[in-house]
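1. Everything below, folded, please.
(4 chains)
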2 protein chains.
Amino acid sequence: MSTSLSNAPYHHGNLRHALLDAALLMLQRDGEAGLGLRDLARAVGVSPAAPYRHFDSRAALLEALAVTGFQRFTAAMNAVAASQPPDLLAAMGQAYVRFALDNAALFRLMFSPQLKRDNRPGLRMAADAAFATLRQVRDGDSASGRIAALAAWAKVHGLAVLLLDGQIALQPGEDIEALIGAIIGQH
Amino acid sequence: MSTSLSNAPYHHGNLRHALLDAALLMLQRDGEAGLGLRDLARAVGVSPAAPYRHFDSRAALLEALAVTGFQRFTAAMNAVAASQPPDLLAAMGQAYVRFALDNAALFRLMFSPQLKRDNRPGLRMAADAAFATLRQVRDGDSASGRIAALAAWAKVHGLAVLLLDGQIALQPGEDIEALIGAIIGQH
DNA sequence: GAGGGATGTTGACACTGCTTACTTCTCGAT
DNA sequence: ATCGAGAAGTAAGCAGTGTCAACATCCCTC
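-> Here you go, the predicted structure:
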């Protein structure tokens, strides 16, 4: 009966993973500011200091969370590129905005100025990797092409942010997907 | 000699204004997370609880700060509109991005998801007022015109955010003003 | 000049991230 | 099989925070 009396083993098994999962849920519910390590530990069922075995600090945990976000983002973008759609730039734009809307809290965390402040190399690397595909499409051709691609990127990113902030109001009966498509299609 | 021994009077005079000024400085230096009420009170030279006579909470102070930001933003946009430039949309876009770059920390605070979370009516009103001019230019004409204007807004806002985050790297010898102009001019 | 309301102070509470010293468990070398 | 190194988790506590209630002080009006 050494391991029993409570059915939770002494060692959690995969605490790091469990922490990140719970942190994502908590992030979606309460935002970045509401993500406390104590609450997190409580949610997973371990002591307040246990997370420090896996993350040096709260910032490190947030960074790890953002890194997983960038990895998912990279996967989504690569999937689009691999499917070789007729209009690559438009399709990637659609996927870009959709990712932002589907993973609102995570997307905001990925671009959080807080994390950028203490610039952790891991985040920077993940972000660079995520944008590698975009940059490839972007910088491929002439100088005027670079400007056009930068403009397209800015438009897509701005659209995502404004939609996320509820700054763009839908007209009655308007479909958001159609709106996104129309704006991205607009040259 | 009742008020002396320390040359600081009991009443500060205009504490609310002084707090907002100091908060702006602190915001620019340390970011939103580094803006503590205690530090702020210390910087102005009052007790830790004194700010509560003027702001119900830390969030209320941040809101007030963001509101002043929207007011300055409104003034900047109106100034552009009043000058009746040849290409109104392009000129407002330039002013939009320039404001963001000149007031980086404040701009970020204005669009901070933290503040939007507990949606304070004052912020919402200030933001609506700020975008009134934009919406006027935007929604003026036909439906297709609305799409075009939304696309322009998204592009300008995205450009501002990406530049603020250092996501758009300048090529060697490239002038940032020229780049902004080129991207905004791109249709 | 004596209230009275606004303004600022003091002290304390609950909470946070974080650290240190300690216990408990796992696992590979012997 | 055992036993010791080190990983995993615990408990206690530090400094710092936002916030509040009670008290002190000033200014302004009647």
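
2. Please name the nearest non-neighbouring residue to the residue of chain A found nearest chain B.
-> Closest residue of chain A to chain B, C-beta to the nearest C-beta: A:Gly158 (2.5 Å). For the C-beta atoms, the positions are set from N, CA and C on the backbone; glycine is no exception. Excluding the flanking residues, the one nearest A:Gly158 by C-beta to C-beta, 6 or more residues apart in numbering or on different chains is B:Gly158, at 2.5 Å.

3. and the one you found, what pLDDT?
-> With respect to pLDDT, B:Gly158 has a value of 97.

4. Pull the number of nearby residues for the residue of chain A closest to chain B.
-> 26 (other C-beta atoms under 10 Å in any protein chain shown).

5. ok, and what's touching the longest helix along chain A?
-> Longest helix in chain A, counting residues (DSSP state H): helix A:58-82. Defining contact as C-beta atoms under 8 Å, 6 or more residues apart in numbering or on different chains, one finds that helix A:58-82 is touched by A:19-20, A:23-24, A:27, A:32, A:35, A:37, A:40, A:51, A:55, A:88, A:91-92, A:95-96, A:99, A:103, A:106-107, A:109-110, A:112, A:114-115, A:118, A:120, A:122-123, A:126-127, A:129-130, A:132-134, A:137.

6. Recalculate using a threshold of 6 Å.
-> Here helix A:58-82 makes contact (C-beta atoms under 6 Å, 6 or more residues apart in numbering or on different chains) with A:23, A:37, A:55, A:91-92, A:95, A:99, A:106, A:109-110, A:115, A:120, A:122-123, A:126-127, A:129-130, A:133.

7. cool, stretch A:35-49 as well?
-> A:18-19, A:22-23, A:26-27, A:50-51, A:58.

8. and what of stretch A:176-187?
-> Applying C-beta under 6 Å, 6+ apart, the contact partners of stretch A:176-187 are A:90, A:93, A:97, A:159, B:147-148, B:150-151.

9. mind running it again at 8 Å?
-> Stretch A:176-187 has contacts (C-beta under 8 Å, 6+ apart) with A:90, A:93-94, A:97-98, A:101, A:155-156, A:159, A:163, A:168, A:170, B:147-148, B:150-151, B:154, B:187.

10. got it, and stretch A:112-122?
-> Stretch A:112-122 is contacted by residues A:32, A:59-60, A:62-64, A:66-67, A:109, A:123, B:31-33, B:108, B:165-166 when judged by C-beta under 8 Å, 6+ apart.

11. what about 6 Å?
-> Identification of contacts with stretch A:112-122 by C-beta under 6 Å, 6+ apart yields A:62-63, A:66-67, A:123, B:31, B:33, B:108.

12. Now do the buried residues in the helix or strand containing A:Ala41.
-> Using DSSP states H and E, A:Ala41 sits in helix A:37-44. Neighbour-count burial for helix A:37-44 flags A:37, A:40-41, A:43-44 (criterion: 16 or more other C-beta atoms under 10 Å in any protein chain shown).

13. just stretch A:68-82 next, same as before
-> A:68-70, A:72-74, A:76-77, A:80-81.

14. For those residues, give me CSV that also has distance to B:Ile183 and pLDDT.
-> Formatted as CSV, the buried residues of stretch A:68-82 follow (distance: C-beta to C-beta, whole Å; pLDDT from 0 to 100):
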residue, distance to B:Ile183, pLDDT
A:Thr68, 31, 94
A:Gly69, 26, 95
A:Phe70, 24, 95
A:Arg72, 28, 95
A:Phe73, 23, 95
A:Thr74, 25, 93
A:Ala76, 25, 94
A:Met77, 21, 92
A:Val80, 23, 92
A:Ala81, 23, 88
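
15. Check those residues against DNA strand C and report the nearest one.
-> Nearest to DNA strand C out of the buried residues of stretch A:68-82 is A:Thr68 (C-beta to the nearest atom of the strand; 18.5 Å).

16. Of the contacts of stretch A:176-187, grab the buried ones for ChimeraX.
-> The following ChimeraX line selects those of the contacts of stretch A:176-187 that are buried, judged by 16+ other C-beta under 10 Å:
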select /A:90,93,94,97,98,155,156,159,163,168 /B:147,148,150,151,154
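
17. quick revisit: export the buried residues of stretch A:68-82 as TSV, with columns for distance to DNA strand C.
-> Output for those, formatted as TSV (distance: C-beta to the nearest atom of the strand, whole Å):
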residue	distance to DNA strand C
A:Thr68	18
A:Gly69	19
A:Phe70	21
A:Arg72	24
A:Phe73	25
A:Thr74	27
A:Ala76	30
A:Met77	31
A:Val80	36
A:Ala81	37
